[in-house]
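Participant: Below: sequence and its predicted model.
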Amino acid sequence: MKKLIPFILASLMLITVSNNYKENYYIIPDESIRIRIIPNSNNVNDQYLKKQVKTNLELDLAEDLKNSKTIETSRQIIKTNLNKYEQTIKQALKNEHSNQKFNIDYGYHHFPEKTYKGVKYKEGEYESLLVTLGKGEGDNWWCVLFPPICSLEEDEESSNNNKNTEYSLFIKEIFDKYIR
């Protein structure tokens, strides 16, 4: 029995180490809606404009979708408010003294693979709200609008400073409800 203990401990350590090096893929549910913003280029100015558009657009989307419980309702809200979102983008660009052209479209669009916080998200064609600034050749930002992972991410960032345990449980409930 004494000879088995080191073998068991070594096996557990090996399993733990191998699990840390395994690539994790996170599967976003089929019933989801994403948002993607592609800037004109990777220069500092274009990336800054992307961030400004993202910030302003997210405020509208978070407010509009805050009570949505189903993907059908979220789809309808987004489609109904496309003109509003277009105006939000125009205003965000105007506030930055930019006359950059842009396109906004709701439908199925290609998303590249993304690694975020050690988790890989697979590339593919996904239902989404797509905003393309200028030539759309820069590094993009994307997130999931439904289930509401984008707004959870913002809440997580602001609550990380407070170490809010209750919020951690709330995130688990959301993931369990929409993803598992």
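Facilitator: Structure received. Numbering: from 1, shown residues only.

Participant: show me where pLDDT drops low in this protein?
Facilitator: 1-27, 151-180 (pLDDT under 70).

Participant: Quick check: buried residues in whichever helix in it runs longest?
Facilitator: Using DSSP state H, we find that the single longest helix of the chain is helix 44-65. Judged by neighbour count (16 or more other C-beta atoms under 10 Å), helix 44-65 contains these buried residues: 46-47, 49-50, 52-54, 56-58, 61, 64-65. C-beta: built from backbone N, CA, C; applies to glycine.

Participant: Give the other helices and strands that it contacts.
Facilitator: With contacts taken as 3 or more C-beta pairs under 8 Å, 6 or more residues apart in numbering; DSSP states H and E, helix 44-65 sits against strand 33-38, helix 71-80, helix 82-95, strand 124-133, strand 141-146, helix 149-160.

Participant: residues in contact with Ile38?
Facilitator: Lys50, Leu130, Val131, Thr132, Leu133, Gly136, Glu137, Gly138, Asn140 (C-beta atoms under 8 Å, 6 or more residues apart in numbering).

Participant: Would you mind checking those residues for buried ones?
Facilitator: Looks like the contacts of Ile38 have Lys50, Leu130, Val131, Thr132, Leu133, Gly136, Gly138, Asn140 buried, using 16+ other C-beta under 10 Å.

Participant: Output these in CSV, with distance to Asn99 appended to each entry.
Facilitator: Listed next are the buried ones among the contacts of Ile38 as CSV, based on distance: C-beta to C-beta, whole Å:
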residue, distance to Asn99
Lys50, 16
Leu130, 21
Val131, 16
Thr132, 16
Leu133, 12
Gly136, 16
Gly138, 17
Asn140, 21
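
Participant: farthest pair in those residues?
Facilitator: Farthest apart among those by C-beta to C-beta are Leu130 and Gly138. That separation is 13.9 Å.

Participant: now, which of the buried residues of helix 44-65 sits nearest Tyr106?
Facilitator: The closest of those to Tyr106 turns out to be Leu61 (C-beta to C-beta; 11.7 Å).

Participant: pretty sure that closest one contacts Ile33?
Facilitator: No. Taking C-beta atoms under 8 Å as the definition, Leu61 is not a contact partner of Ile33, at 9.9 Å.

Participant: any common contacting residues for these two?
Facilitator: Shared contacts of Leu61 and Ile33, defined by C-beta under 8 Å, 6+ apart, are found at Ile78, Leu129, Leu145.

Participant: which residues does Asp64 contact?
Facilitator: Ile77, Ile78, Asn81.

Participant: most surrounded residue in those?
Facilitator: Ile78 (22 neighbours; other C-beta atoms under 10 Å).
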